[in-house]
Structure formats: structure tokens, C-alpha cells
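Visitor: Based on what follows, work out the 3D shape:
(chains A, B, C and D)
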Protein chains: 2
Amino acid sequence: MATYSEIQDWLRAGIREGRWRAGDRLPSEAELCAQFQVSRMTVNRALRELQQLGLVRREQGRGSFVAELTRVAARLELRDLHASASERGHHHASEVLALRRESASAEVAHALGLRAGAPVFFCRLLHREQGEPLQIESRWVLPAAAPDFLAQDFRARTPTAYLLDVAPLTAAQFQIEAVAADAEQAGLLGINPGAPCLLVQRLTHGAMGPVSWARLLHPGGRYVLQGSFQP
Amino acid sequence: MATYSEIQDWLRAGIREGRWRAGDRLPSEAELCAQFQVSRMTVNRALRELQQLGLVRREQGRGSFVAELTRVAARLELRDLHASASERGHHHASEVLALRRESASAEVAHALGLRAGAPVFFCRLLHREQGEPLQIESRWVLPAAAPDFLAQDFRARTPTAYLLDVAPLTAAQFQIEAVAADAEQAGLLGINPGAPCLLVQRLTHGAMGPVSWARLLHPGGRYVLQGSFQP
DNA sequence: CAGTGGTCTAGACCACTAC
DNA sequence: TAGTGGTCTAGACCACTGA
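Guide: Numbering: from 1, shown residues only, chains lettered A, B, ... in the order given. As a prediction, this is how the structure comes out:
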């Protein structure tokens, strides 16, 4: 007798220890049923989930095989700064530099799917972790998606956390690039003008469509994105 | 009668169309069984897989709920440059700047889990896409993992593709940051010294342990990492 | 207590693969 | 043809939740 997760553990251990190498055939469902004294449904679930994780490749009529990794992939998470600082036991503070209604520039209008000049809410915050400037957040919000946006106190709750509440996410896109800080940004972040920064641009969608477009600028030396892939 | 994926499609459609909002309770397994005239195992699988995808949250004794997204996450893939250029129909070329045996510096030894001074293979390549410099690849390889590394022609096949062949990946870690180009890097990439670059550092493991450590430097304006999240 | 999900069984029929 | 995985059934027992 065994459970599906025990069978998974046994297979993972065998793969990790090199008992089966990438591309090798694993025992068939029937063999695992006999070995672990379980029904086929149980074995099937164990193998199917390993397949969903990318660790195993299954082929009808042929068998189950250890998957070959052809790309380095990982789940990258871009999280609320306040929550991630708290998890590390760090202190996080936000300074509100701007909070107002604006007319959408061509760039903002394009990102949010509006016509240029349409009214949007805008905020600009400087985030500090342990007292050190870590991010300039520039954010444009569709008024229809968060009508009370301008009345919030973003020192108490970040725009990210507020928007998650009022307009739950259904989809998001981001892009990450390296840019040079301009003079104003450099002053806020306490770095030299032209210094390298990591720019994360993020568009979030709610059930009704686009909600918010954010440009998050981080000083190069102080902010690193990390990820890992462990099958 | 229905299949598990038809039930999933029906639930996803309801969530997408706002029939259930984030946090709402979905029909119970028993209700779905009755509605679709299927056994509980089928409904269970449909819901369990939606849970694994992060679209649904399930609680024993309470029910199944539409998940609230609390983080923007996406599968980020760091791929072989040649393969990704080919997919876009672009031309990719590599220039081999160095290919030799070295003694591991403290930094390299630490990354690969060696003692400082241990022999490692090293290569340095300049990758161009459509003729424009796109990446400086500096890579250190554990000789035991790829004994013939120094005999390869990396203009024909990138080190990434070669290593995937001889030492299949089992795990990887990466980190991404913004740095300034030094004079030599700037010369190779055709940018100004001090210009912002995206630096991706990547450590790959095979079945036997660490295989290779790579530092991939991209000119800021020409290289953007993108990702999206669609439940 | 009734209702929920978590897991497992011992079958079944099917499509596909390889010989 | 024998063996493989893909899917489904009609039950079962359990742990947990909330009234």
C-alpha cells in the first residue's frame, strides 16, 4: 500500500540519484501498480502530476520517460514591495510624490487601451526598504476600475495592495530592461545620473479589462531579481 | 455526460465572464457531478487541476473558491539565443573571443562549488542578432561535466545548446540585475562605457551537480525580458 | 449533524505504439 | 497482438467545517 505522493517521491528520488537519466523510460503504470500494491488510478495520478511539473514526459502506447529540459525556465514573481520586505523582516516605507488626475499621454493611452487625452489617475511613490531608496513607482490607473484611487493614503497601503483589493487581477504582462537614471530619478534614488537601473513595466488586467500600468524603477546595485528551477 | 476538460472549460468561462468573482464559492463537487452527469472522480480532477494552475483555491470542509491573485507571476524562460533568434526569423552569429582552460577565481569557484584555483574551462563569446551585438557570454564549465568543451566550434552551436546535449539540465538558478558596461564591454557591444546593461547570471546543474556558470551581458536598449500571466 | 474536499479501489473501454 | 497511457465509473472511507 502506498499513496500517490509516496510514488512521486520514489520516482523523484530515482531521477535525482541518476537511477533514470533524462530520456530513460520509467516503469509502466502496471509495473508501479504491482510494486506499490495500488490501483492504476493512483499510479496514473502520480505520473500525470509529474508530467504537469515538467519532470516526466508521457507518450500513449510507448511509456513514461524522464523529461529532457531544453530551456531554463522559472517562475518569476513580481510582488508587492511591502509584503516582500515584511517577509524578510525589513522595514518598508513609501513617500507619496504625486497623486492626481491627468490626461493620458500617447504612451499611457496605448498601454491602457484608451484614447490619448482621456482622464487617468496617476501616482508616483518613492519606496524605501530599511531606509534606502529601492523603487520609484509611477502608476497610471483607469478611473473606472478604481474610482476612489485618489482618496487613498498610499503610505499606509501600497497601490499594488489597494488595487488587488478593489480590482482583483485576472492577467498581467511585464517587461524588464536596464535603463539609465535621469537626473531627477537619480536624485530620488540617491545615485548618480546615468547610473544603471532595472526598469520593470507591468500592465495588469481585471475582469473588466486593463486596470493599471506601472513603471517600477530600481537602482541597479540594490535590486536583483532571482529565480530558480528545480523540477 | 462530459469530460473533465469540458468541466474545466465551463468553469474557466464562468470566471472569465465574471459569473464568479475572485473569492466566490464555486459549485461543489456533488453539484457538478449532478449537473454534468459524471462521477465524482472526474469533477475532482477538473477542480484539482484548476487549483494546480492557481485559478481555484480549495478548502476541505468548506468548498472551492475562485482564487485571488496576490502576486504577479509568470513563467520566465531564459533560452538559447540561437533558438530564440531563429524563431523570430532573425539571423544569429557568434564570435568566439576566448576558449581556454583557466584556474578558478574565488568567485567562479564559489559559484561552481570548487576550491579556488581548480581547473575550469572558460569561454567568452559575442553574440549578434541581425548583425547587432546582443550579448557577451562569459561561461565557466566544470571539466568533468563536459570534457570535450574546448574542442567545440561555438560559432556552429552555442555553448548552451552543446551543454544541453552532453549534460542534460536538472536544475538552474538565475539572477537578473542592471549594471554599467565597462570600457571593454562597451567596445564589444558598441555602446558607451557606463551605459546600462542587463546582466543575467545563470548557474546550471546536471545529474552530477553543478555544470556551468554563465554571465550574460546585454546592452540595455536592445534586450528586454518579457513575460505574461494568464490564469 | 450534513456537507465539503482528499484519497483510493477494481474494474472498464479506448487510442496508440511496436513488433 | 500485447503493452502502453487517457479517461471514466460507482462506489468507499476519511478529515475537516460550520450550523
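
Visitor: Out of all residues in chain A, which is the farthest from the middle?
Guide: In terms of distance from the mean C-alpha position of chain A, residue A:34 ranks first, at 41.6 Å (Cα atoms, centre = their mean).

Visitor: quick one: low-confidence parts of chain A?
Guide: Applying pLDDT under 70 to chain A flags the ranges A:1, A:69-78, A:87, A:227-231.

Visitor: Show me it divided up by domain.
Guide: Annotated domains of chain A cover A:4-66, A:81-222 [automatic domain parsing].

Visitor: any chance of the ones you listed in CSV, plus distance to DNA strand D?
Guide: Just so you know, the C-beta spots here come from the backbone N, C-alpha and C atoms, and that holds for glycine as well. Shown next, in CSV, are those (distance: least, Cβ to the nearest atom of the strand, whole Å):
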stretch, distance to DNA strand D
domain A:4-66, 3
domain A:81-222, 21
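
Visitor: where along chain A do the helices fall?
Guide: Along chain A, the segments classed as helices by DSSP state H run A:4-16, A:29-36, A:40-52, A:81-87, A:106-112, A:159-166, A:183-189.

Visitor: related to what we said a few turns ago, which of the domains of chain A has the highest mean neighbour count?
Guide: Mean neighbour count (mean count of other Cβ atoms under 10 Å in any protein chain shown) peaks for domain A:81-222 among the domains of chain A, with a mean of 18.

Visitor: Endpoints of it, how far apart?
Guide: 14 Å (Cα to Cα, to the nearest Å).

Visitor: can I have stretch A:140-151 written out in CSV, keeping just the CAs?
Guide: Output of stretch A:140-151 as CSV, limited to C-alpha atoms (Å, rounded to 0.1, in the frame of the first residue of the first chain):
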residue,chain,number,x,y,z
TRP,A,140,-1.5,55.1,-14.1
VAL,A,141,-4.9,53.8,-13.2
LEU,A,142,-8.1,53.5,-15.2
PRO,A,143,-10.6,55.6,-13.2
ALA,A,144,-13.4,53.2,-13.9
ALA,A,145,-11.5,50.3,-12.3
ALA,A,146,-10.7,52.1,-9.1
PRO,A,147,-12.9,55.3,-8.6
ASP,A,148,-11.6,56.0,-5.1
PHE,A,149,-7.9,55.7,-6.1
LEU,A,150,-7.1,59.4,-5.4
ALA,A,151,-8.5,59.3,-1.9
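
Visitor: Please determine whether that stretch lies in contact with chain B.
Guide: No - Stretch A:140-151 lies out of reach of chain B by Cβ under 8 Å from any Cβ of the partner chain, never closer than 13.4 Å.

Visitor: which residues are contacting that stretch?
Guide: Applying Cβ atoms under 8 Å, 6 or more residues apart in numbering or on different chains, the set of residues contacting stretch A:140-151 from outside is A:99-102, A:104, A:108, A:111-112, A:114, A:119-123, A:159, A:162-163, A:166-167, A:206, A:208-214.

Visitor: coming back round to it: contact partners for the residue farthest from the centre of chain A?
Guide: By Cβ under 8 Å, 6+ apart, residue A:34 has no neighbours at all.

Visitor: Columns distance to residue A:95 on top of the helices of chain A, output as CSV?
Guide: Shown next, in CSV, are these (distance: least, Cβ to Cβ, whole Å):
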stretch, distance to residue A:95
helix A:4-16, 47
helix A:29-36, 59
helix A:40-52, 44
helix A:81-87, 13
helix A:106-112, 22
helix A:159-166, 13
helix A:183-189, 9
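
Visitor: can you pull the contacts of residue A:205?
Guide: Taking Cβ under 8 Å, 6+ apart, one finds A:169-172, A:211 in contact with residue A:205.

Visitor: Among those, name the ones in strands.
Guide: A:171-172, A:211 (DSSP state E).

Visitor: how near is the spatially closest residue to residue A:106 that is not a sequence neighbour to residue A:133?
Guide: Distances taken as Cβ to Cβ, 6 or more residues apart in numbering or on different chains put residue A:116 closest to residue A:106, at 4.9 Å, once the chain neighbours are dropped. Look at residue A:116 and residue A:133: by Cβ to Cβ, to the nearest Å, they are 32 Å apart.

Visitor: so what's residue A:123 bridging to?
Guide: Under DSSP bridges, the beta-bridge partners of residue A:123 are residue A:99, residue A:139.

Visitor: can you pull the contacts of it?
Guide: Taking Cβ under 8 Å, 6+ apart, one finds A:96, A:98-100, A:137-139, A:141, A:149, A:154, A:159 in contact with residue A:123.

Visitor: and which of those residues is nearest to DNA strand C?
Guide: residue A:159 (33.2 Å; Cβ to the nearest atom of the strand).

Visitor: and the residue nearest to residue A:106, what does it touch?
Guide: The contact partners of residue A:116, by Cβ under 8 Å, 6+ apart, come to A:103-106, A:109.

Visitor: if you set the cut-off to 7 Å instead, what comes out?
Guide: Counting by Cβ atoms under 7 Å, 6 or more residues apart in numbering or on different chains, residue A:116 touches A:104-106, A:109.

Visitor: if we can go back for a sec, and the contacts of residue A:205 near chain B, which?
Guide: A:169-172 (Cβ under 7 Å from any Cβ of the partner chain).

Visitor: Adding distance to residue B:29, write those residues out as JSON lines.
Guide: As requested, the ones next to chain B among the contacts of residue A:205 are exported to JSON lines (distance: Cβ to Cβ, whole Å):
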{"residue": "A:169", "distance to residue B:29": "26"}
{"residue": "A:170", "distance to residue B:29": "24"}
{"residue": "A:171", "distance to residue B:29": "27"}
{"residue": "A:172", "distance to residue B:29": "30"}
